[in-house]
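>>> Next one to model:
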Amino acid sequence: MKNSIYIIIALTLVMFQSCKKDFVEGYDVDPNRPLDVSMDVLLSSAQAYSSWVTSSDLTRLTGVITQQMTGEDRQFLAINRYVIAGSDVETVWEVNAYAGGLKDLSLLMEKADEQTSPHYKGVAQILTASNLGTLTDCFGDIPYSEALAGTISDGLEPTYDSQAKIYDAIFQLLDDGIANVSATSSTLSPGGDDLYLGGDLTQWAKYANSLKARHYNRLSNTGDYDTEIMNAIAAGFGAGEGATPLFETAKPQSNPWYQFLVVDRAGYIGLNGYMFDNMTANNDTLRTAAFGLGGWYFQPESPIILVHGCEMLFIEAETMLRTGAADADVQAKLEEAVTSHFGMIALDASDYLANDLVDLASLASEAEKLEAIMWEKYVASYTTNEAWSDYRRTGYPVLTAVADAQGGIDVPQRLPYPQSEFLYNSNTPTSLEGFPANLTTSLWWAE
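Okay, the predicted model is just below:
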């Protein structure tokens with residue numbers, strides 16, 4: 001009996017060895033974890049992740065910080081008091097930005113080089129610059145140069161690049177991206193897989209130049225970049241243009257704001273407060289209605305605003321004021337910017353322009369004129385991170401910290417790093433680990 005058992009085992013082993021290739025064939029590959037994907041799949045994936053970087057957790061946090069909306073329940077009641085923790089940014093940092101969008105874009109650039117497809121590489125470079133800009137303008141110094149290697153020797157504890165170096169990288173990526181999307185030949189080019197601009201490479205070049213204008217203007221307190229700003233504006237999005245990708249009706253393909261405010265976390269954030277009160281006082285009633293639940297911004301299929309031509313016009317008006325243009329010329333540009341924003345949300349600006357828009361010539365000082373321009377840009381920057389960056393750069397609009405602010409601090413200047421960074425990356429700046437430094441330390445371009 002014992003010998004029979006041994007014989008059976010031996011025969012089984014022989015049979016397994018002889019046919020094990022056939023036995024496991026097809027079962028050794030996890031369809032949910034592909035080892036390689038095509039460029040079109042990488043691009044769509046990167047854009048999906050990037051949409052959540054630019055238009056989800058971070059925009060909700062900054063919208064409350066800048067008082068464009070109010071935190072009213074649960075997590076956001078605390079955030080309204082500036083009780084902002086590393087856990088509030090964990091997902092957007094780890095999942096959407098680094099493991100998601102930026103990693104996919106890094107792979108896409110490598111694959112585009114292998115397949116001699118500069119059009120894909122250029123789009124990936126522009127999107128990488130967009131993600132880096134969002135992250136650095138919220139957190140300051142961030143990992144980049146060593147962040148995407150993903151190896152034991154180089155990448156698991158990446159160094160933090162200074163914000164100045166990140167900005168250098170952004171401008172280089174945008175310049176290279178413009179050159180690549182403008183290449184005369186490319187083995188493969190984006191098309192229907194491009195969820196942002198449908199493969200329109202001319203629009204991608206405009207997107208890149210618009211990002212250049214945005215970020216050069218961000219540096220306006222650190223040096224004279226007015227020529228660079230105006231050159232980028234001239235090559236960027238016009239009044240009715242922009243990168244404003246649409247969404248689908250059903251979750252999870254619906255607009256991120258709609259998913260949060262209507263489907264998942266109704267009542268957490270109130271569409272009321274400082275901005276709404278002042279818009280009402282300014283008789284800005286058409287836009288006030290569009291900014292509420294059920295309005296233009298918060299439908300399931302509503303677009304997210306990555307960059308729009310109205311932002312370029314506001315930057316141009318500000319730059320014209322800074323460089324000494326006549327009041328009438330700056331006023332005309334401001335009116336063009338406001339009209340562009342009204343048009344973006346399908347409204348007619350004529351009544352507001354005729355009766356309620358501030359006349360810059362009636363204001364005594366350049367500071368008052370800048371404040372008037374920045375107010376209009378603040379309203380037009382709704383649901384984006386731009387209002388917070390402008391506030392930290394210019395001091396406008398003049399915000400007063402909430403009465404029950406954590407530790408009595410002023411309006412936050414930065415977001416805290418995720419706690420996982422302090423736990424697992426020894427290069428994370430320890431000086432910014434604790435309160436209040438993690439919220440009150442100014443960014444490089446805002447010092």
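
>>> now the residue positioned nearest the centre of the chain: how far from residue 199?
Nearest to the geometric centre of the chain sits residue 54, at 2.5 Å (Cα atoms, centre = their mean). Residue 54 is 20 Å from residue 199, where distance means Cβ to Cβ, to the nearest Å. Where you see a C-beta, it was placed from the backbone N, CA and C, and this is true even at glycine.

>>> do the same with residue 278
41 Å.

>>> likewise residue 120?
On the measure of Cβ to Cβ, residue 120 and residue 199 end up 10 Å apart.

>>> okay, and the common contacts of the two?
189-190 (Cβ atoms under 8 Å, 6 or more residues apart in numbering).

>>> Give the residue from those two that has the larger number of neighbours.
residue 120 (28 against 16; other Cβ atoms under 10 Å).

>>> doesn't residue 188 make contact with that one?
Yes - in this structure residue 120 lies within contact range of residue 188 using Cβ atoms under 8 Å: 6.2 Å.

>>> where do the contact lists of the two overlap?
By Cβ under 8 Å, 6+ apart, the residues touching both residue 120 and residue 188 are residue 39.

>>> On the secondary structure side, give me the element for the residue nearest to the centre of the chain.
helix 39-55 (DSSP states H and E).

>>> Report the buried residues of that helix.
39-40, 42-55 (16 or more other Cβ atoms under 10 Å).

>>> packing partners for that helix?
helix 103-114, helix 118-139, helix 256-258 (3 or more Cβ pairs under 8 Å, 6 or more residues apart in numbering; DSSP states H and E).

>>> Dump these to TSV, plus mean pLDDT.
Output for the helices and strands packed on helix 39-55, formatted as TSV (pLDDT from 0 to 100):
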stretch	mean pLDDT
helix 103-114	97
helix 118-139	98
helix 256-258	95
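
>>> Out of those helices, the one nearest residue 216 is which?
Distance to residue 216, taken as Cβ to Cβ, is lowest for helix 118-139 among these, at 11.4 Å.

>>> quick check, distance from the closest one to the centre of its chain.
9 Å (Cα atoms, centre = their mean, to the nearest Å).

>>> Next, the angle helix 103-114 makes with that helix.
150 degrees (axes from the mean of the first three to the mean of the last three Cα atoms, to 10 degrees).

>>> continuing past helix 118-139, what's the next helix or strand?
strand 142-143.

>>> Can you name every helix or strand that that next one contacts?
helix 118-139, strand 160-161.

>>> thinking again about what came up before, what mean pLDDT does the helix holding residue 54 have?
Helix 39-55 carries an average pLDDT of 95.

>>> same deal with stretch 240-252?
91.

>>> try stretch 278-289
For stretch 278-289, the mean confidence score works out to 96.

>>> What residues of it count as buried?
Buried residues in stretch 278-289 (16+ other Cβ under 10 Å): 279, 282, 284, 286-288.

>>> Could you list which of those belong to strands?
Using DSSP state E, no member of those falls in strands.

>>> Just name the closest of these to residue 442, please.
Using Cβ to Cβ, the buried residues of stretch 278-289 come closest to residue 442 at residue 279, 28.4 Å.

>>> And residue 308, its phi and psi?
phi -130, psi 160 (degrees, to the nearest 10).

>>> And the residue nearest to it when sequence neighbours are not counted, how close does it get to residue 313?
The shortest distance from residue 308 to any non-neighbouring residue, by Cβ to Cβ, 6 or more residues apart in numbering, is to residue 242 (3.5 Å). From residue 242 across to residue 313, the span is 11 Å (Cβ to Cβ).

>>> that older thread, do I have it right that the residue nearest to the centre of the chain meets residue 135?
No - contact between residue 54 and residue 135 fails when scored by Cβ under 8 Å: they sit 9.8 Å apart.

>>> Need the distance between the two termini of stretch 413-432.
This stretch, stretch 413-432, spans 12 Å end to end (Cα to Cα, to the nearest Å).

>>> list the contacts for residue 436?
So residue 436 contacts 406-407, 409 (Cβ under 8 Å, 6+ apart).

>>> ok, back up a step: relative to residue 223, which of the helices and strands packed on strand 142-143 is closest?
Here helix 118-139 is closest among the helices and strands packed on strand 142-143 (Cβ to Cβ), at 17.3 Å.

>>> could you give the angle of the closest one to helix 39-55?
Using the same axes, to 10 degrees: helix 118-139 against helix 39-55 is 20 degrees.

>>> Could you tell me which other helices and strands helix 118-139 packs against?
helix 39-55, helix 57-65, helix 103-114, strand 142-143, helix 163-181, helix 201-218.

>>> Keeping just the C-alphas, turn it into PDB.
The C-alpha trace of helix 118-139 is given here as PDB (Å, rounded to 0.1, in the frame of the first residue of the first chain):
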ATOM      1  CA  PRO A 118       7.100  63.400 -30.100                       C
ATOM      2  CA  HIS A 119       3.400  64.400 -30.100                       C
ATOM      3  CA  TYR A 120       2.600  62.000 -27.300                       C
ATOM      4  CA  LYS A 121       5.800  63.000 -25.400                       C
ATOM      5  CA  GLY A 122       4.900  66.700 -25.700                       C
ATOM      6  CA  VAL A 123       1.400  66.200 -24.300                       C
ATOM      7  CA  ALA A 124       2.900  64.200 -21.400                       C
ATOM      8  CA  GLN A 125       5.500  66.900 -20.700                       C
ATOM      9  CA  ILE A 126       2.800  69.600 -20.600                       C
ATOM     10  CA  LEU A 127       0.600  67.500 -18.300                       C
ATOM     11  CA  THR A 128       3.600  66.800 -16.100                       C
ATOM     12  CA  ALA A 129       4.200  70.500 -15.800                       C
ATOM     13  CA  SER A 130       0.500  71.000 -14.900                       C
ATOM     14  CA  ASN A 131       0.600  68.500 -12.100                       C
ATOM     15  CA  LEU A 132       3.900  69.800 -10.700                       C
ATOM     16  CA  GLY A 133       2.500  73.300 -10.800                       C
ATOM     17  CA  THR A 134      -0.600  72.300  -8.800                       C
ATOM     18  CA  LEU A 135       1.500  70.400  -6.200                       C
ATOM     19  CA  THR A 136       4.200  72.900  -5.700                       C
ATOM     20  CA  ASP A 137       1.800  75.800  -5.400                       C
ATOM     21  CA  CYS A 138       0.000  73.900  -2.600                       C
ATOM     22  CA  PHE A 139       2.900  72.300  -0.800                       C
END
